[in-house]
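# coords please:
(one chain, ligands or ions: 1)
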Amino acid sequence: PPALVQRAEKQDTQAIQALDSAHFIHPFTDHGDLATRGARVITHADGIYVWDSEGNKILDGMSGLWCVNAGYGRKELADAAYQQLMTLPFYNSFFQTTNVPAVQLAAKLAALAPKVGDRSFNHVFFSSSGSESNDTNVRMARRYWDLLGQSQRKVIISRHNAYHGSTMAGASLGGMSGMHAQGDLPIPNITHIDQPYYFENARGGESKADFGLRAARWLEEKILEIGPEKVAAFIAEPVQGAGGVIIPPETYWPEIQRIVDQYGILLICDEVICAFGRLGHWFAYEKFGIKPDLVTFAKGVTSGYIPLGGVMVGNRVAEVLIDKGGEFNHGYTYSGHPVACAVGLANLNLMERENLPGRVRTETGPYLATQFEALKDHPLVGDAETCGFVAGLVLVKDKANKQMFDPDRAVGMICRGHCFRNGLIMRAVGDRMIIAPPLSMTVAQIDEMMGLIRRCLDATLADVRDQGLL
Ligand code: PMP
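All right, here's what the predicted structure looks like:
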């Protein structure tokens, strides 16, 4: 509602930028660049838009950082935080204490998490982020095997180009070579297989279905190479997000499930992006028919209004670790933080009332898919696809031969620049352009976003032609 929008007072952008660059170390930022160019100062937001300190209104095609699922300006989330801050701003959940919002949210999450096959999810461990949750997963998976007398099962297999966080374990689980290059990562007993990226990794003439099976079998090859008795778990995002919205072929997940079942290894679904309606379901494992043992969540659980993350612990692990395992020596000060949990609860209630996952599944998601499909007629677009409310397109030099631009020319960044100038946030991952808009987005707003995307693609095409890159 407009009443919530506090218009930016005339902000002194340059003064803020100078202070910013003098004192604030930003995540994933080259501070030399930051000092010369100055950060964009975001001052307020409402619905699907954010405003900067210069008064520019920008359509946020990335939901902040894949997290503002319910959209900005939701007063009831602010009210929930205020009420809880006034009632009990903090108490810990260590040493046999608890608090009401944490209990209620854990029960709500257990109720929302569908049972698949013989897996049910009745237990939740809370943290404050996706990274912490994945660190928890590493410890839980190894503790599980210890308790079963198989402590040699330590290796966790992940995928190249995956993103699982920035802590030592999170960045190790992730498959980002740039992150591994800094700080001696990965830590021991974490290894990677290739990602199921059809556009780049399929052989000439290979069908999507065949490629999906072949990509899944890289897991089996890796398990056999290591020795199945040493493998603790496989971790993966149902759809890879930060890696560039890599949507696996339909044959991929069923084959992965066959392999983890055959060798008895734990399956960890990192749903930090994919859960809470992003793919049209409360949890994405349901969409793909995956039977995970542990599910990482964060971001959308509070629509990003306050930090909260956690792990849904399936019955297989819970029966060993929770029911029989004694004390698990692990926990964070803010595990089950009452204010974060109160906001989480209010957010899930709001999303349920407005049926945001259902809308994405049956209405806005399919509409976005049709619009993205139509982008394939653009001369620069080599491929375009969506899954629920994540979407990616790849900018190519030659569509027929799937030929990419020279990465040094950073065509994705040229496109990203046009997006910002035209009032759209779209992320560039190399030359893949990706979006993950708020789930509250209407059909009319999808049209508005698609108009902006086309305009930016045209401007990029003009630049690329001017620079003689085509
Ligand atoms: N896992 C996935 C799949 C993510 O996308 C992210 C964050 N983008 C993380 C983990 C890490 O979450 P956080 O930044 O909250 O630590």
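
# count of residues packed around the residue of the stretch 351-470 of the chain found nearest the ligand?
Residue nearest to the ligand within the stretch 351-470 of the chain (Cβ to the nearest ligand atom): Ala436, separated by 9.9 Å. Yep, even glycine has a C-beta here, placed from its N, CA and C like the rest. The number of residues packed near Ala436 is 29, by other Cβ atoms under 10 Å.

# do the same with Asp210
14.

# just Phe276 next, same as before
31.

# just Met450 next, same as before
Quick note: Met450 (other Cβ under 10 Å) scores 17 neighbours.

# How about the helix or strand hosting it, which residues are buried there?
Using DSSP states H and E, Met450 maps to helix 443-466. Neighbour counts over helix 443-466 (16 or more other Cβ atoms under 10 Å) mark 445-446, 448-450, 452-453, 456-457, 459-461, 464 as buried.

# residues making contact with it?
48, 59, 61, 363-364, 367-368, 371, 375, 378-381, 395, 405, 411, 414-415, 418-419, 422-424, 426, 435, 437, 441, 470 (Cβ atoms under 8 Å, 6 or more residues apart in numbering).

# what's the nearest residue to Ile42 once chain neighbours are set aside sitting at in phi/psi?
With sequence-adjacent residues excluded and distances taken as Cβ to Cβ, 6 or more residues apart in numbering, Ile42 is closest to Val50, at 5.2 Å. For Val50, the backbone dihedrals are phi -120, psi 160 (criterion: degrees, to the nearest 10).

# cool, and Asp46?
According to degrees, to the nearest 10, Asp46 has phi -160, psi 140.

# Might you name the residue of the chain sitting closest to the ligand?
For the chain, Cβ to the nearest ligand atom, closest residue to the ligand: Gly130, 2.3 Å.

# Contacts only, for that residue.
Per Cβ under 8 Å, 6+ apart, neighbours of Gly130: 164-165, 170, 270, 272, 296-299, 309.

# and the residue nearest to Gly243 when sequence neighbours are not counted, how many neighbours?
Nearest residue to Gly243, sequence neighbours excluded (Cβ to Cβ, 6+ apart): Asn161, at 4.0 Å. By other Cβ under 10 Å, 20 other residues sit near Asn161.

# Might you report the residue contacts of Asn161?
With contact taken as Cβ under 8 Å, 6+ apart, Asn161 is in contact with 175-176, 195, 197, 240, 243-244, 246.

# the domain parsing of the protein - what is it?
With domains defined by automatic domain parsing, the chain comprises 2-70+355-466, 79-353.

# what's the distance between the residue positioned nearest the centre of the chain and Phe125?
Geometric centre of the chain, nearest residue: Ile273, 2.6 Å, by Cα atoms, centre = their mean. Look at Ile273 and Phe125: by Cβ to Cβ, to the nearest Å, they are 19 Å apart.

# Leu148 now?
Using Cβ to Cβ, Leu148 is found at 19 Å from Phe125.

# And those two? Which one has more around it.
Ranked by neighbour count (other Cβ under 10 Å), Leu148 and Phe125 place Phe125 first, with 24 against 11.

# Contacts only, for the residue nearest to Gly430 when sequence neighbours are not counted.
Spatial nearest neighbour of Gly430, excluding adjacent residues (Cβ to Cβ, 6+ apart): Gly412 at 5.6 Å. Contacts for Gly412 (Cβ under 8 Å, 6+ apart) come out as 395, 428-433.

# Apply 6 Å and report the result again.
428, 430-431 (Cβ atoms under 6 Å, 6 or more residues apart in numbering).

# On the three-state scheme, the residue nearest to Gly243 is what?
coil (DSSP: H, G, I helix; E, B strand; the rest coil).

# so how far is Ile434 from it?
Distance, Asn161 to Ile434, using Cβ to Cβ: 13 Å.

# Return the residues of the stretch 51-200 of the chain in contact with the ligand.
129-131, 134, 163-165 (Cβ under 6 Å from any ligand atom).

# Could you do the stretch 301-450 of the chain as well?
So the stretch 301-450 of the chain meets the ligand at Gly309 (Cβ under 6 Å from any ligand atom).

# quick one: the helices in the stretch 301-450 of the chain?
315-321, 338-353, 356-359, 365-374, 411-421, 443-466 (DSSP state H, counting those that start in this stretch).

# In JSON lines, list these along with distance to Phe95 and mean pLDDT.
Shown next, in JSON lines, are the helices of the stretch 301-450 of the chain (distance: least, Cβ to Cβ, whole Å; pLDDT from 0 to 100):
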{"stretch": "helix 315-321", "distance to Phe95": "18", "mean pLDDT": "97"}
{"stretch": "helix 338-353", "distance to Phe95": "16", "mean pLDDT": "98"}
{"stretch": "helix 356-359", "distance to Phe95": "36", "mean pLDDT": "98"}
{"stretch": "helix 365-374", "distance to Phe95": "44", "mean pLDDT": "98"}
{"stretch": "helix 411-421", "distance to Phe95": "48", "mean pLDDT": "97"}
{"stretch": "helix 443-466", "distance to Phe95": "48", "mean pLDDT": "98"}
